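**Student:** Requesting a structural model of the entry that follows:
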Amino acid sequence: MEEYRKIKIFLDGVWIDISYRHLTKGSIFRMFERDGEPVTFDDKTDFLAASDSYEKDGVWIIDVEAL
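**Tutor:** Numbering: from 1, shown residues only. Below is the predicted model:
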């Protein structure tokens, strides 16, 4: 399954690529559209995972808070 967005997680002071399905509660991450444009919410680009990622109807989902 091809992922729709690119995900980078902040781990040990470095931004690393990660699969959406491996995001876990408490992770700080960024998302990017296929064209490289950062995903924003209220002009913020960093997010906190408020849940582990989960699959629903074939789509990976995660509850988030903007940082």
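**Student:** buried stuff in stretch 6-21?
**Tutor:** Burial within stretch 6-21, assessed by neighbour count using 16 or more other C-beta atoms under 10 Å, is assigned to 6-9, 18, 20. Any C-beta I mention is one placed from the backbone N, CA and C, and that applies to glycine too.
**Student:** And stretch 55-67, by the same measure?
**Tutor:** Using 16+ other C-beta under 10 Å as the test for burial, stretch 55-67 gives 60, 62, 64.
**Student:** How about residues contacting that stretch?
**Tutor:** Outside stretch 55-67, the residues that touch it by C-beta atoms under 8 Å, 6 or more residues apart in numbering are 1, 3, 20-21, 23, 28, 41-42, 44, 46-54.
**Student:** Let's see that with 7 Å instead.
**Tutor:** Residues outside stretch 55-67 that contact it (C-beta atoms under 7 Å, 6 or more residues apart in numbering) are 20-21, 23, 28, 41-42, 44, 46-51, 53-54.
**Student:** Quick one, which of those are buried?
**Tutor:** Applying 16+ other C-beta under 10 Å to the contacts of stretch 55-67 flags 20, 23, 46-47, 49, 53 as buried.
**Student:** which one of those sits closest to Val14?
**Tutor:** Relative to Val14, the closest of the buried ones among the contacts of stretch 55-67 is Asp46; by C-beta to C-beta it sits at 14.2 Å.
**Student:** which residues sit in contact with that closest one?
**Tutor:** The contact partners of Asp46, taken as C-beta under 7 Å, 6+ apart, are 28, 30, 67.
**Student:** Please state the backbone phi and psi of Asp42?
**Tutor:** Main-chain dihedrals, Asp42, degrees, to the nearest 10: phi 50, psi 40.
**Student:** now Phe10
**Tutor:** Main-chain torsions, Phe10, degrees, to the nearest 10: phi -90, psi 110.
**Student:** For the chain, list the residue farthest from the centre, please.
**Tutor:** If you look at how far each residue of the chain sits from its centre, by C-alpha atoms, centre = their mean, the farthest one is Asp57, at 18.4 Å.
**Student:** before we move on, the earlier item: so which of the buried residues of stretch 55-67 belong to strands?
**Tutor:** Mapping the buried residues of stretch 55-67 onto strands (DSSP state E) picks out 60, 64.
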